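Engineer: only geometry, no sequence info:
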C-alpha cells in the first residue's frame, strides 16, 4: 500500500475515532464505520484503530472476528446475506440459495473475482413472516422467489454501470 | 542518609495478583465490606466476608472443588464450568470460582447434577483434545489429566479427535503453541492481556470456531510476543510449552570433542526441587552441581559470577551517564534501565523503542558469561572456542530468544549456545536417572564459581537494584552498607509490590575513586548532595505504568536508575520455572533466594575476587573499556509494535 | 424496501395517544412511577419474564460507582431470536412509545443517558429512529428539563449491533457496548448494580418499554386485568411457519396454543415451537397448554410446523444456529451444541443408538444446568423437546430418508 494511501486511511480513521470518542466503548461504532466505508476492516485499519484506542491489535481482531457483520478479509461492494434460519428454511430458502450461486458464480462464503459481490448466510433476519428473506447490504428483500434473484443482482450491478470505478478498498497491495 | 519508599500513585491499578495475598480470609476479619455472611457448604457452616467466592469459602472448610480456568494470579473468568455447584433455590448450577457470597447460602458440591455436569464437561474437552498423554510435555503435570483421573474417565463418551487440526506453531525460539491441546480456559489470554499487558494472545472467532490465537493468526515469532512465557506457566495442559533444546544439549554432552560448560542462575536453583516433589523454596544449588556433573557437563559455573560482572559494568555505565549529565552538562538518556531481563528488553523494543537509549548497553549475566567463556576461559585453558558449548540454566523462556539474537556473538562465537529452562533441566536430570534431592552437595567449579550474595538476589524483583545499591553505597559514599542496613539487607527495595520507588540522598562521597574507575571518573564530588532516585518494577504491566509515567514527565522520569523485570516476581517467577505458579510459590522461592544471599561469605559484587581478577587479567582497561564494550555490551533493535507481513 | 406490514390484529398500542404515557408518568414521584409499574404486574417481554418494577427498583436503589458517573437505560433492540420480529414492527411504527418508555425508566431510576442497542440486521430502521429522536429533542421530550421538570435530563443514542445473536443476552449486550466481544458476564453482579461501564443499568426489551408507556397512558389496572394472574397484560406474538396468516398478533397472555393457532390459520399443525430456537417444541397433544410465564414462557416467537415437516430437520436447523451463535466462551455451550448437532447427523444417517441418544439428552441437561448464560442454558431445549415428542419419528432412519431440506 502506498504511504500516502496509508496516511489517508489513518487520517480518516482518526476522524472517526474523534467523532465517536477515544474510549474502548467506541470500538464497535468505529469498526462499523470502517466496514461501511471499505467493505471490510483490513489489517492496516485494525492496527490504526488499536493505536488510536490504546488497544492491542489482537483485541481488535478478536472483536472483528466475533461479529458476523464485521470482516477482516476483503468483501464485495455488495454483500448478499440470505437468511437460513428456520422460518426461511421452511419457506424454501435453499432454492434461493441455489439461484444466487448460479447468478453470481460463487458459493456461500465467497466473493466474486471482480470484488463486487460476496455471498453469505445470515441467521434470522427478523422477517420470518415474509421469507425467504435476504439483505443486500442494508437493503431488505422479502418473499423472494428464485425467479426474482436475477433482478435483485441486476439492480446492484446498475451501480457499477453508472460508476465504472473500482470499489474503494482499504486493503491495497 | 534516608530511604524513602513510595508506591506508585495509581499502584492499585496494577494487577492485584502481583502482590502477595492470603488465599483464605480469617473468620474474624473485621474490615469486610458489609460484614460477614454465613454459608453452608456440604453441611459445613462458615461465616465469610461479603463477596468471598464460593470457591474460597469451600477451601476454608476443606471442601475441594475442581477448577480449570481459575488461577490465583488471574481475574475470574468462569468459563470452563468445572467448578459448578448446586446453590439451594437456584435452578442452574453456579460456578464456584465466580459466585460471590452476598447473603446466606446453602451449597452442595457433589450432587448427581454436579457430578454429571463435571464429567460431561471433561468429556467435552477430551473430545476435542488431540494428543496422547505419553507424548506430552505435561504428562503427569497436567490439570486436565488429573481431573480426568479424579472423575474416573475411562472412555471417550463423546468421541475423541485423532487427527491434528491445527499445525503447531514452533516459530518462536521461546514458546511453542500446540492448539490441538487447547481447552480454551483463556488463562493465557488473561495472562497476556491483563497480567502482562502485552496483548499477543486473544480469543478469536465465535461459537464452535472460537480459538486462542494471535493477531490475524500470525506465527508467534511474527507478532509482538516478548517471550516471557508467563502463558506457559499458567496453561493447564500441554497447549503451551517452551521450545525445548535439551536434545541438542545431550548431543553436545555425548560428543567427546565438545567441552560443555553450564552456568546455573539462582532462580532455577531455588525452584527445581519442585520438579522432584520438594516444597517450593527448597534450595538445590549444591545438589544441582553434583547432578549436572553426573549428567555429563564438563564444568558447572555460577551465573552469579557474571551477575557481579554486570553490576560493575552497568554501575559504571550509570556513573558515567551521571557524570556526563551533571558535570559535562551533556544530554544523556536517563533514567538508565536495566537490561538483564530479555522479556523486558523485547517489550521495550516493541512498545517504547524511543527509549532504547535508556537501556543499559551491558549484556545480561547469561550473555556476559558466555562471552567470557568463549574468550578468556578458552584462552586460560587452551581450548578452541569452537569446541566449547555453553549452556545456561535459566528460569526464563526469553533467554532462549536472547541467546539467539544475532548480535550476541561479538567474539565470533555464539556467547551462549543453549538456554535451558528449569523444567527442561529437571527432565534431563531425571533422564540421567538422578533424583536431585538425594545428590551429595558439591561446589561450583573454579574460576567462575565464586560469587557473591549480590548475584544471587538478581533472581528476585528488586535484586538487581539491591546489588547495585550495595556497591554504589560502598564505592561512591565510602561507607559500609552494614552501617545503614542491618546485614546489608536493603529491605526497602524488596517485596512484591508492583512498583517501588526509593530516594537515597548522598550526603557525602568517598574521597578516593577506586582504581578500576579512575580512568573514567576522576572524582565522585559531583554526586555530593545529589539525591539518588531509583525504582523497581516487575511484570510488564507494571513496567507499562512506569513507562507511561516517564512519557508524561512524572516522577519516574526523574529517576536515575530503574530495574525492570519482565516477569511478575522477577526471575523467580520466570516463564521457564516449574508449573504451577502462584503468589505463595513465588514468595517461597524468594525466601530461598534471600537465604542463599545471607549464607554467602561475600555479599557485594565489587568484592568478588574472581571478578577483580578478570579485570586485572583480561579486561585490563576496566569496566566499559574497549574490550569490555566489544564483549560485554550490546545494542538493541527498535522493533515497534506494528505487525507487518 | 420490500418489507411488508406484519400487523395482523389491532394493537393496544394503536389506541395509546402519543405523549400521554410520559405525561402521566412525569406527574408522579419516582417511587410512584415504579409503584405504578409494579401495580401493572408487567414482566419483561424479552422472554425471561423478570418483573420490570423489581428491576427498576434495584437500579433506582443502586449507587453509581464514583461521583460524576451516572446510570443508564438500555433498550434491548437486538431482536435475534429465530421467529421473532415484533420489535421490528414496534420500532417501525411505534418508536415514540418505546422512547417514551425509556424516558419513564430514566426518570424512575435517575439515568441521564439512554442507549438503544439495535441489531445490525435492522440497520435500515436507523434513519427513521434518528428522525423520531430528533423530533423528540425539538419538542423538548429529550434533553434538559424534560416535561418542565427542572434538572430532568435525558437523551437517547442509537448503537448498532454487528450480527451476534448472543448480544441479546443483557450482559453480552453490555460487553458489546463497551467494545468487547459479546461474551456474557458472570452474574452476580447484575447489570442493575454493575452494568454499562460498571454503572447501574436497566436493560429492557423494546416491547417492555412500549408496554410501560401503554400502562401509564391507560392505567395499570387495564393492563393487569388482561392475561393470567402471573402473566399480566397483552403480548405481541411473532407468528411464522406453516400457517395461512403469519405476522404479528396481539393476544392476552394465557392464551392456549390451540386458540392461537386458530387465529393464525395453523389448525392442522403437527407441532409448534414456542419461544424460538431457545424455546420448546410442543406436539399437537399439548396444544391446550397456555402461553404464559407459569406454563410455556416466550418472548413471543411462534413457529408453526405443518403435518409434513421432518422434525429432525427442524432440530438440525436450530442446532446449526447455536453452534454458530454460541459465544464460544464456556465449555458446555461451545462444544455441547456441536455434539448434539453431530448426534442429529448420526440420527439422520440412522446410526444413533438409543443409548447414545440418552447420553446426548443427559448432555442437554448438563448444558441447561451448567452453561454460563441463558443462551447455553436454553440451546438444547428444542432438541430435547423434539426428542421428547418425536423420538419415534427420528430413530431407525435409513439413508434414503435422511435429512430434511438441505
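Structural biologist: In hand now; what should we look at? These numbers were taken from a predicted model, which means no experiment stands behind them.

Engineer: Can you classify the residue in the stretch 401-550 of chain B that chain C sits nearest to by secondary structure?
Structural biologist: Closest residue of the stretch 401-550 of chain B to chain C, C-beta to the nearest C-beta: residue B:541 (18.9 Å). In this view, the C-beta of every residue, glycine as well, is placed from N, C-alpha and C. Secondary structure for residue B:541, judged by DSSP: H, G, I helix; E, B strand; the rest coil, is helix.

Engineer: Quick check: it touching residue B:197?
Structural biologist: Yes. The criterion here is C-beta atoms under 8 Å, and residue B:541 meets it with residue B:197 at 4.2 Å.

Engineer: Spell out which residues make up each domain of chain A.
Structural biologist: A:5-66, A:78-160 (automatic domain parsing).

Engineer: Save those domains as a markdown table, and put in mean pLDDT and distance to residue B:68 too.
Structural biologist: Below are these laid out as a markdown table (pLDDT from 0 to 100; distance: least, C-beta to C-beta, whole Å):
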| stretch | mean pLDDT | distance to residue B:68 |
| --- | --- | --- |
| domain A:5-66 | 97 | 21 |
| domain A:78-160 | 95 | 30 |
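
Engineer: got JSON lines for these, with mean neighbour count and distance to residue B:316 too?
Structural biologist: Shown next, in JSON lines, are the domains of chain A (neighbours: other C-beta atoms under 10 Å in any protein chain shown; distance: least, C-beta to C-beta, whole Å):
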{"stretch": "domain A:5-66", "mean neighbour count": "20", "distance to residue B:316": "38"}
{"stretch": "domain A:78-160", "mean neighbour count": "20", "distance to residue B:316": "61"}
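
Engineer: closest one to chain B among those domains?
Structural biologist: Chain B lies closest, by C-beta to the nearest C-beta, to one member of the domains of chain A: domain A:5-66, at 2.6 Å.

Engineer: Tally up the residues packed near the residue nearest to residue B:375 when sequence neighbours are not counted, please.
Structural biologist: Nearest residue to residue B:375 in three dimensions, chain neighbours excluded: residue B:411, at 5.0 Å (C-beta to C-beta, 6 or more residues apart in numbering or on different chains). Look at residue B:411: counted by other C-beta atoms under 10 Å in any protein chain shown, it has 18 neighbours.

Engineer: Help me confirm that residue B:411 is found in a strand?
Structural biologist: No. Residue B:411: not assigned to a strand; according to three-state DSSP it is coil.

Engineer: Where does the prediction get shaky in chain B?
Structural biologist: Chain B contains residues with pLDDT under 70 at B:1-34, B:645.

Engineer: Which parts of chain A are helices?
Structural biologist: Counting by DSSP state H, chain A has helices at residues A:3-20, A:27-38, A:43-53, A:57-66, A:86-90, A:93-104, A:149-162.

Engineer: my read: residue C:281 touches residue C:380, true?
Structural biologist: No. Applying C-beta under 8 Å as the test, residue C:281 and residue C:380 come out as separate, 11.8 Å apart.

Engineer: Just the element for residue C:32, please.
Structural biologist: Secondary structure from DSSP states H and E places residue C:32 in helix C:30-40.

Engineer: Pull out the buried positions in whichever helix or strand comes after that helix.
Structural biologist: Next along the chain after helix C:30-40, taking DSSP H and E as the criterion, comes helix C:52-61. Residues C:52-53, C:55-60 are the ones in helix C:52-61 that count as buried (16 or more other C-beta atoms under 10 Å in any protein chain shown).
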